[in-house]
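[1] whatever this is, show me its structure:
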Amino acid sequence: MKIDRAAYTKTFPVGVYWEKVHLECSLDDTEDPIKAVLLLKEEVEKAHKLANPQLYKNGEGALIDSYDRDYLFDSRVPFNNSPSKPLVINRKYEEMEVIIRECETLEDLAKHKEYCGKHPDLMPHYMNKLKELSGVVKV
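    Numbers count the residues shown, from 1 in each chain. Predicted coordinates:
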C-alpha cells in the first residue's frame, strides 16, 4: 500500500456551536505520513487559535464582554466571516460569580480578592458583594 495523502480534522467547541477544522496534504515518496499528520495537527491547532483568540485568553476561555469585536473583521485573519459576536461560556468565571454571591462574611469574601484582582471582569461582582457585606448597600 502506498500512502500519498495525509489529513487531519478536529472539531472544537466554540461557545454554543462547534467549529470543524480540516487540513490535508499530498505526500511524495520521501515523506513520512505520520510526521505529516502530526504537522497537520499542529497547523489545525494554530489555525483555530488564530481564528478564535478569545478562547485562549488567560488560558481559561473568554468572557463575552471582553471579546475584541474589531478582531472579527480583520481581513488578515482566516475564518472570521461571522457577523455576530460569538457566545463563549467561561465556566470558571461563572463559578467564581456564584462563589462571590454566596459569601456570607467579609472574611469569606476576602479569600477571593486576589483572584478577582487578576480577573478585572469579576471585580464589579466582588465590589458589589463587598459593599453589601459592609452595610453600604442593603439588598
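
[2] does Trp18 touch Phe12 like I think?
    Yes: in terms of C-beta atoms under 8 Å, Trp18 counts as a neighbour of Phe12; the distance is 6.8 Å. Quick note: C-beta positions are derived from backbone N, CA and C, even for glycine.

[3] out of the two, which sits in the more crowded spot?
    Phe12 (16 against 9; other C-beta atoms under 10 Å).

[4] and the more buried one, bridged to which residues?
    On the basis of DSSP bridges, Phe12 is bridged to Glu19.

[5] how far away is it from Arg91?
    16 Å (C-beta to C-beta, to the nearest Å).

[6] over to the spatially most central residue of the chain. Which of the three states is it?
    Nearest to the centroid of the C-alpha atoms of the chain, with distances taken as C-alpha atoms, centre = their mean, sits Leu55, at 1.8 Å. At Leu55 the chain is in helix, as set by DSSP: H, G, I helix; E, B strand; the rest coil.

[7] surely it meets Val14?
    Yes: here Leu55 reaches Val14: they are 6.8 Å apart, a contact under C-beta under 8 Å.

[8] in the chain, which spans are helices?
    33-51, 69-72, 91-102, 106-110, 113-118, 123-134 (DSSP state H).

[9] His22: which of the ones you listed is closest?
    helix 33-51 (7.6 Å; C-beta to C-beta).

[10] now do the closest one: everything it contacts.
    3, 6-10, 12, 19, 21-25, 27, 55-56, 77-80 (C-beta atoms under 8 Å, 6 or more residues apart in numbering).

[11] hey, which helix or strand in the protein has the poorest pLDDT?
    The helix or strand of the chain with the lowest confidence, counting by mean pLDDT, DSSP states H and E, is helix 69-72 at a mean of 46.
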